[in-house]
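In: Here you go, sequence then predicted model.
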2 protein chains.
Amino acid sequence: MNDSPDSPSERLASRVSAMDVARAAGVSLSAVSRVFTPGASVSAKMRVRVMEAADKLGYQPNVLARSLMTQRTNLVGVILANFKNPVYLTVLDHFTRTLQARGLRTLLLNVSEGQDIEEMARLVLQYSVDGLVVSAGAISPHITEQCRKRRIPLVAFARRPRRANLHVVCVDNVAGGRVAAGRLLQSRHRRFGLIAGPETASTSIERGKGFRDEITEAGHEVIATTHAREYTYGAGVESARRLLEHTPRPDAVFCANDLLAMALMDVARDEYGLSLPDQLSVVGFDDVDLAAASSYRLTTLRQPLEAMVHETADILSQRINTWSEDWETRQLACTAVDRASIAAATGD
Amino acid sequence: MNDSPDSPSERLASRVSAMDVARAAGVSLSAVSRVFTPGASVSAKMRVRVMEAADKLGYQPNVLARSLMTQRTNLVGVILANFKNPVYLTVLDHFTRTLQARGLRTLLLNVSEGQDIEEMARLVLQYSVDGLVVSAGAISPHITEQCRKRRIPLVAFARRPRRANLHVVCVDNVAGGRVAAGRLLQSRHRRFGLIAGPETASTSIERGKGFRDEITEAGHEVIATTHAREYTYGAGVESARRLLEHTPRPDAVFCANDLLAMALMDVARDEYGLSLPDQLSVVGFDDVDLAAASSYRLTTLRQPLEAMVHETADILSQRINTWSEDWETRQLACTAVDRASIAAATGD
DNA sequence: CTGAAAGCGCTAACAA
DNA sequence: TTGTTAGCGCTTTCAG
């Protein structure tokens, strides 16, 4: 139909603006604007008249142009690094739904390997987002400062930066690690091991700390630790092999997430011929769908993902309307889900 | 700091515009614009001078305002329905990365249960997206027409609408179903069964058709079919139970995705005490991470997700610059991944 | 190569 | 309640 790159003028040919509607309806431009502005004062007749013309022309207000005046885009940037960890699909599900329900749109950015978070933040800010959620590595002071200056509420999701000018929504991973330890302490096994996540992941660090603390305080010791390079089944297999090579072989292992735990269970059974949970007790984290599968029946800890998302959305909605610099931290608790991956205690 | 909702004028207090930079640098507004417009003609001195002022003020061009003139937002709408199916996290990973690499941003919309796709399309169009990807139920003629009028390229991802004015990127699911049948025909089992996905899912319909056709053409019969209400492990457990209750009990089953297959395997072993693959051969679809786990070793079919995303991005990038109405369909092939979930043939 | 001026599509005072 | 008039922050002719 048209072979050469479209020029701006050609492209707008098809567009219908508020002015077009105004002319068609024989009213002023502002009348049209008001009809499409919730809570503006327009007479019923005017509304009907304008809407008829608008419908006939297929008019849709251009929210970008609107944003220019209102200084509000209804856009929320979501910067994610974890596109390998299945729980983040659930997180995205909740985020998109929750934001949509509040009239906000999700601008999704990926900062997995290779991508620069600093750069992505810059990009998303160019779109004048009304709020920003970051669930990725280090949130630099530069980013927080940028957001503060522009009065854009910034929420760190599922991670806990040292201390900085931003809001935080997370779970108490340390407590979670302690609960996990508690479950293993109830088993008859005493050679405690840990399969942690990536060295730099705050979730892994915190869960590991809680686990270790609880074990130590109970008068025991974590005899072996390995780190998975990422929170995936594949990485879990590798680190499970390393862990099970340790002498003496750990028999009560906490894994920083379910996929690592499932990998450990498979390697233990398949490559070491261990019978589970008799010879090896395992606790995971996240309670993914398959943790309940009869192949695993994994005892694990569940994060209240939906509640976390709601808290995040609450903070955003509120701070978008009323800027203030008292940063808040909302830390939720995770709950244990008891299944059958832990050996019963000896009968004494 | 400030308790009442911010007014527009208060909010823009912190913003720094191109005009500010121009003043600070003692040049014209257009000069600043040119410096930030790739491929505009500016002298080196001018560039330096402007950039210095810009850096000092922390200036970032407002892409929304720019879009108003250029009629290009660099925004791509992605409408998804499948936030339960883990492969879509991978899809999103690829999409965000690929689009980012091309200077495009992802506006993500969720149309899972309850959400109206029609409405979401309307919302996303208000943002003047440059392109639109839809991987969700029915793409109405209204949507395609809307996009056509506004010259916004529209791609149906991983599904195949009857025939309509849009581009299509998908895999040959019918062929995939046939290949799956082929694998099962190689086993010694002959009581063929099918666990399909949701009744309306085109993927499920197509895969089922291919499977059935191939089985029939080989002179056999699919003796039992059940539908999972969604593509999840949990739904899989339910439909597996229904399928295994059928008399005679199927012993060669194709499942419309891996989660359903894994659920079937678990139910078969755990609740029916079947030994796999001896008493039951299973083929899945998608090749999720855990399909390779030693608990399953599932023979399955892999979709070239990354390639599909690339094709989609290619279509978009090209059509964004050059509108045309010759809609193209790119159908890729899926490849079989052979593992150990199929019983060996009898030794004849 | 640079600046002045017009205008993208809309909302927000201000009058009427 | 309605219309008129300024812009929001930027790009883009068009002169110089």
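Out: Perfect, thanks for sending it.
In: DNA strand D contacts on chain A?
Out: Residues of chain A lying close to DNA strand D (Cβ under 7 Å from any atom of the strand) are A:8, A:27-31, A:34, A:41-43, A:45-46, A:65, A:68-69. Backbone N, C-alpha and C define where each C-beta goes, glycine included.
In: at 6 Å what do you get?
Out: A:8, A:27-31, A:41-43, A:45-46, A:68-69 (Cβ under 6 Å from any atom of the strand).
In: Give me the lowest-pLDDT entry from those residues.
Out: In terms of pLDDT, the lowest of the residues of chain A next to DNA strand D is residue A:8, showing 52.
In: Could you list the low-pLDDT ranges of the stretch 201-348 of chain A?
Out: The stretch 201-348 of chain A contains residues with pLDDT under 70 at A:347-348.
In: Excluding chain neighbours, what is closest to the residue of it found nearest DNA strand D?
Out: Here the stretch 201-348 of chain A gets closest to DNA strand D at one residue, residue A:323, 16.1 Å apart by Cβ to the nearest atom of the strand. Distances taken as Cβ to Cβ, 6 or more residues apart in numbering or on different chains place residue A:151 nearest to residue A:323, at 4.5 Å, with adjacent residues excluded.
In: on that earlier part again, next step: the residues of chain A next to DNA strand D restricted to helices.
Out: Among the residues of chain A next to DNA strand D, the residues falling in helices (DSSP state H) are A:8, A:29-31, A:45-46, A:68-69.
In: which ones are touching the residue nearest the centre of chain A?
Out: Computing the C-alpha centroid of chain A and ranking residues by Cα atoms, centre = their mean puts residue A:91 first, at 4.9 Å. Residue A:91 makes contact with A:135, A:157-158, A:305, A:308-309 under the criterion Cβ atoms under 8 Å, 6 or more residues apart in numbering or on different chains.
In: any chance of those residues in JSON lines, plus neighbour count and secondary structure?
Out: Output for those, formatted as JSON lines (neighbours: other Cβ atoms under 10 Å in any protein chain shown; DSSP: H, G, I helix; E, B strand; the rest coil):
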{"residue": "A:135", "neighbour count": "22", "secondary structure": "strand"}
{"residue": "A:157", "neighbour count": "21", "secondary structure": "strand"}
{"residue": "A:158", "neighbour count": "24", "secondary structure": "coil"}
{"residue": "A:305", "neighbour count": "21", "secondary structure": "helix"}
{"residue": "A:308", "neighbour count": "21", "secondary structure": "helix"}
{"residue": "A:309", "neighbour count": "24", "secondary structure": "helix"}
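In: which one of those is nearest residue B:249?
Out: The nearest member of the contacts of residue A:91 to residue B:249, counting by Cβ to Cβ, is residue A:305 at 38.2 Å.
In: Now do the phi/psi pair for the residue lying closest to residue A:105 once chain neighbours are set aside.
Out: Nearest residue to residue A:105, sequence neighbours excluded (Cβ to Cβ, 6+ apart): residue A:75, at 5.4 Å. Main-chain torsions, residue A:75, degrees, to the nearest 10: phi -110, psi 130.
In: Relative to residue B:77, how far out is residue A:75?
Out: Distance, residue A:75 to residue B:77, using Cβ to Cβ, to the nearest Å: 12 Å.
In: ok, now residue A:336?
Out: Residue A:336 is 40 Å from residue B:77, by Cβ to Cβ.
In: of the two, who's got more company?
Out: residue B:77 (25 against 16; other Cβ atoms under 10 Å in any protein chain shown).
In: hang on, isn't that one packed against residue B:126?
Out: No - shown here, residue B:77 and residue B:126 do not form a contact pair, counting by Cβ atoms under 8 Å, at 10.2 Å.
In: mind checking which helix or strand residue A:76 is in?
Out: strand A:75-80 (DSSP states H and E).
In: tell me the mean pLDDT over that strand?
Out: The model assigns strand A:75-80 a mean pLDDT of 98.
In: now it against strand B:75-80, angle please.
Out: Put simply, strand A:75-80 runs at 70 degrees to strand B:75-80, going by axes from the mean of the first three to the mean of the last three Cα atoms, to 10 degrees.
In: For the helix or strand just after strand A:75-80, buried residues please.
Out: Downstream of strand A:75-80, the first helix or strand assigned by DSSP H and E is helix A:87-101. Residues of helix A:87-101 classed as buried by neighbour count (16 or more other Cβ atoms under 10 Å in any protein chain shown): A:87-100.
In: what's the closest of these to residue A:116?
Out: Distances from residue A:116 to the buried residues of helix A:87-101, taken by Cβ to Cβ, are shortest for residue A:88, at 19.7 Å.
In: thinking again about what came up before, secondary structure class of the residue nearest to residue A:323, three-state.
Out: coil (DSSP: H, G, I helix; E, B strand; the rest coil).
In: Pretty sure it sits against residue A:322.
Out: No - counting by Cβ under 8 Å, residue A:151 sits too far from residue A:322 to count as a contact (10.2 Å).
In: Just want to know which of these two has more residues nearby.
Out: residue A:151 (22 against 14).
In: Test for you: state the pLDDT assigned to the more buried one.
Out: pLDDT, read off for residue A:151, is 94.
In: Now do the residue of the stretch 151-300 of chain A found nearest DNA strand D against residue A:74, distance only.
Out: As assessed by Cβ to the nearest atom of the strand, DNA strand D sits closest to residue A:151 within the stretch 151-300 of chain A, at 12.6 Å. According to Cβ to Cβ, residue A:151 and residue A:74 sit 16 Å apart.
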